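>>> Predicted model, plus sequence, below.
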Amino acid sequence: MHANQDEEVQVTATTTPLDTLHDDRLLPAQPEERAIARELFAATRALPIVSMHGHVDAGMLADNRPFGDPASLLVIPDHYLVRMLISQGVPHDALGVPRRDGQPVETDAREIWRAFASRWKLFRGTPTRIWMEHVLEEVLGVTSRLSADNADETFDAISARLAEPGFRPLALLDSLNIEILATTDAADDPLASHARLAADGYGERVVPTFRPDAVVNLDRPDWLANVRAMGERAGVDIVNYATYIEAIESRRAAFVAAGARATDHGHLYAETTPLSPTQADRILQGALAGKVDTASARTFAGHMLTEMARMSCEDGLAMQLHPGVLRDYDARVFAERGPDVGYDIPVPIDHARALRPLLNLYGHDPRLTLVLFTVDEDVFGRELAPLAGVYPAVRLGAPWWFLDTPDAMRRFRDTVTDTAGFYNTAGFVDDTRAFLSIPARHDVARRIDAGHLAHLVAEHRLSLEEAAETAVDLAYEIPRAVYPALNR
């Protein structure tokens, strides 16, 4: 149900309509452009979703069990949502976020949902509200705005919906129109869940993504354990740089065999200065012996980005780079809760100089696709768009994380299209752990692109036919081309 914004809405305590979920939401306000945008959005609205970078648990999909409750599905794993509540004084314990030491946290899902629903107004103007409203109404059938008064009512309605057979994870791949879903998996992952999915006929539809961060950042406290686990998984005794590279290449081959189409790298910096094998071996040997300093670890990680580009040229995996985020900013919270609980903060980095060594080596290699992301809007226009506008290997990733908001998406198109065009971008990347929010995020991106293209049509810079073709390409064809299936 969509309330007409021109009609007066009757407000009640428990059934306040979702009057912001208008069918024209996020389309241009100017009447002429809005009419064009409606037509363009209609061309993309029902297209299948190509979700090539996310953090949905492959084990959850393989198990295909009913979801537990609204809190564990929609609140606890969503760091966008959690961080807002934390900023307003709601403790992690009250939201059920687990502690590493096993100390008790809130386990009553209804109480966690109440803590969220009673603070719904905190999300006004944020993308979290847009996504959640889409999930509530379009996916779960909840047509009332959340509040303290209706928290129990909406909890019960959602719980009943989640118990329906059609809400099993694999059934949702169909009902949510997800054509392909890429998970993100550690270098030592056995890929057993993906094997189970393949055995059930989902091997081409749910694919892994190789994420080696835990084995290339030598100063991580768990680095040595992760490297040993990777070596055991690869069947390689890692005793030096040569065997280390052998193990990584073996694991990449296993990922390709399991259907992977990409790698993913979340380095703090984008440095890519290569080392000689002797230099790399010296640093790695020190790390294996428990002796590594921050500067050496940073140098080695940068070298490994260039090595990963070399490997991508050889095995065909698209390479995604997500730098510029200082992760686990709060040491106490990280010690108590671990990663991904809302304390990752953007920092500025110099992409142009940092990426130069890699691009000088591989930027013109037709075998490499390097998808670059940033959380620094200035970088899109100043550095990344010019790089994508000249290097055949480079594609611009979508506005990501702190930038995946409607206004930032509009600024992205305005900023990069002049220099890089549309076809040097990589389509939309939802980057979510919240499974049900995948269609909501793609819906937002398609609406924003329809509005941008409508503006170009209204200014007679594109024909309506060209704009419609471009809208379809951005939503569907471009990501399929950037992340192609590899020969197995």
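Sure thing, it's come through. Numbers count the residues shown, from 1 in each chain.
>>> now the helices for the stretch 51-200 of the chain?
58-63, 70, 79-87, 109-117, 127-134, 151-162, 169-175, 192-199 (DSSP state H, counting those that start in this stretch).
>>> Could you dump these into JSON lines with mean pLDDT added?
Listed next are these as JSON lines, based on pLDDT from 0 to 100:
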{"stretch": "helix 58-63", "mean pLDDT": "97"}
{"stretch": "helix 70", "mean pLDDT": "97"}
{"stretch": "helix 79-87", "mean pLDDT": "94"}
{"stretch": "helix 109-117", "mean pLDDT": "98"}
{"stretch": "helix 127-134", "mean pLDDT": "95"}
{"stretch": "helix 151-162", "mean pLDDT": "97"}
{"stretch": "helix 169-175", "mean pLDDT": "96"}
{"stretch": "helix 192-199", "mean pLDDT": "98"}
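>>> Point out the most buried one among those helices.
Each of these was assessed for mean neighbour count using mean count of other C-beta atoms under 10 Å. The highest is helix 70, with a mean of 26. C-beta: built from backbone N, CA, C; applies to glycine.
>>> Show me where the stretch 351-488 of the chain has its strands.
370-372, 394-396 (DSSP state E, counting those that start in this stretch).
>>> Dump the helices of the stretch 51-200 of the chain into CSV; add distance to residue 313 as well.
Rendered in CSV, the data for the helices of the stretch 51-200 of the chain read as follows (distance: least, C-beta to C-beta, whole Å):
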stretch, distance to residue 313
helix 58-63, 27
helix 70, 45
helix 79-87, 34
helix 109-117, 46
helix 127-134, 36
helix 151-162, 44
helix 169-175, 32
helix 192-199, 24
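>>> For stretch 129-149, what is the distance to the chain centroid?
Offset of stretch 129-149 from its chain centre (C-alpha atoms, centre = their mean, to the nearest Å): 22 Å.
>>> Same check on stretch 104-119?
Here stretch 104-119 is found 26 Å from its chain centre; the criterion is C-alpha atoms, centre = their mean.
>>> Show residues contacting that stretch.
Counting by C-beta atoms under 8 Å, 6 or more residues apart in numbering, the neighbours of stretch 104-119 from elsewhere in the structure are 68-72, 75-76, 81, 85, 88, 90, 92-99, 146-148, 150-152, 154-155.
>>> which residues sit in contact with the most centrally placed residue in the chain?
A centroid search over the chain (C-alpha atoms, centre = their mean) returns residue 431, at 1.0 Å, as the residue closest to the centre. Residue 431 sits next to 53, 54, 55, 400, 401, 404 when contact means C-beta under 8 Å, 6+ apart.
>>> end-to-end on stretch 206-222?
Stretch 206-222 has an end-to-end distance of 28 Å (C-alpha to C-alpha, to the nearest Å).
>>> shouldn't residue 64 be in contact with residue 173?
No - the pair formed by residue 64 and residue 173 falls short of the contact definition of C-beta atoms under 8 Å, at 10.2 Å.
>>> before we move on, the earlier item: and the gap between the residue nearest to the centre of the chain and residue 308?
Residue 431 is 19 Å from residue 308, where distance means C-beta to C-beta, to the nearest Å.
>>> same deal with residue 260?
Following C-beta to C-beta, the distance that separates residue 260 from residue 308 is 13 Å.
>>> Those two: which is more packed in?
Legend: neighbour count by other C-beta atoms under 10 Å for residue 260 and residue 308, higher for residue 260 (27 against 23).
>>> Does that one touch residue 208 like I think?
Yes - taking C-beta under 8 Å as the definition, residue 260 is a contact partner of residue 208 at 4.8 Å.
>>> shared neighbours, those two?
residue 182.
>>> can I see the domain layout of the protein?
Here the domain assignment for the chain is 31-65+169-482, 66-167, based on automatic domain parsing.
>>> Which parts of the stretch 251-400 of the chain are helices?
277-288, 294-315, 331-337, 351-362, 377-379, 385-388.
>>> do you know which of those helices lies nearest residue 246?
helix 294-315 (11.6 Å; C-beta to C-beta).
>>> Show me which residues of that closest one are buried.
Residues 296-313, 315 are the ones in helix 294-315 that count as buried (16 or more other C-beta atoms under 10 Å).
>>> same check, this time on stretch 478-488
Residues of stretch 478-488 classed as buried under the neighbour-count rule (16+ other C-beta under 10 Å) are 478, 479, 480, 482, 483, 486.
>>> average pLDDT for that stretch?
Confidence over stretch 478-488, taken as the mean pLDDT, stands at 90.
>>> One more: stretch 453-472?
For stretch 453-472, the per-residue pLDDT averages 98.
>>> list the buried ones in it?
Neighbour counts over stretch 453-472 (16+ other C-beta under 10 Å) mark 453, 454, 455, 456, 457, 458, 462, 467, 468, 470, 471, 472 as buried.
>>> which regions of this structure sit below the pLDDT cut-off?
Across the chain, the ranges flagged by pLDDT under 70 are 1-20, 488.
>>> Relative to residue 356, how far out is the residue nearest to the centre of the chain?
As for residue 431, its distance to residue 356 is 26 Å (criterion: C-beta to C-beta).
>>> for residue 291, same thing?
30 Å.
>>> neighbour count winner among these two?
Each of residue 291 and residue 356 has its neighbours counted (other C-beta under 10 Å); residue 356 has more, 17 against 10.
>>> who touches the more buried one in this structure?
For residue 356, the residues meeting the contact criterion (C-beta under 8 Å, 6+ apart) are residue 272.
>>> I'd like to know how far it sits from residue 321.
Distance from residue 356 to residue 321, counting by C-beta to C-beta: 14 Å.
>>> cool, and residue 198?
With distances taken as C-beta to C-beta, residue 198 is found 28 Å from residue 321.
>>> Now the phi/psi pair for residue 237, please.
According to degrees, to the nearest 10, the main-chain angles of residue 237 amount to phi -80, psi 110.
>>> What is the neighbour count of the nearest residue to residue 304 once chain neighbours are set aside?
In space, not counting the residues next to it along the chain, residue 304 is nearest to residue 216; the distance is 4.3 Å by C-beta to C-beta, 6 or more residues apart in numbering. Burial of residue 216 is recorded as 24 neighbouring residues (other C-beta under 10 Å).
>>> residue ranges for the strands of the stretch 101-250 of the chain, please.
178-182, 185-186, 206-207, 210-211.
>>> show me the contacts for residue 476.
For residue 476, the contact set (C-beta under 8 Å, 6+ apart) comprises 44, 47, 48, 50, 427.
>>> Give me the buried entries from those.
Judged by 16+ other C-beta under 10 Å, buried ones among the contacts of residue 476: 44, 47, 50, 427.
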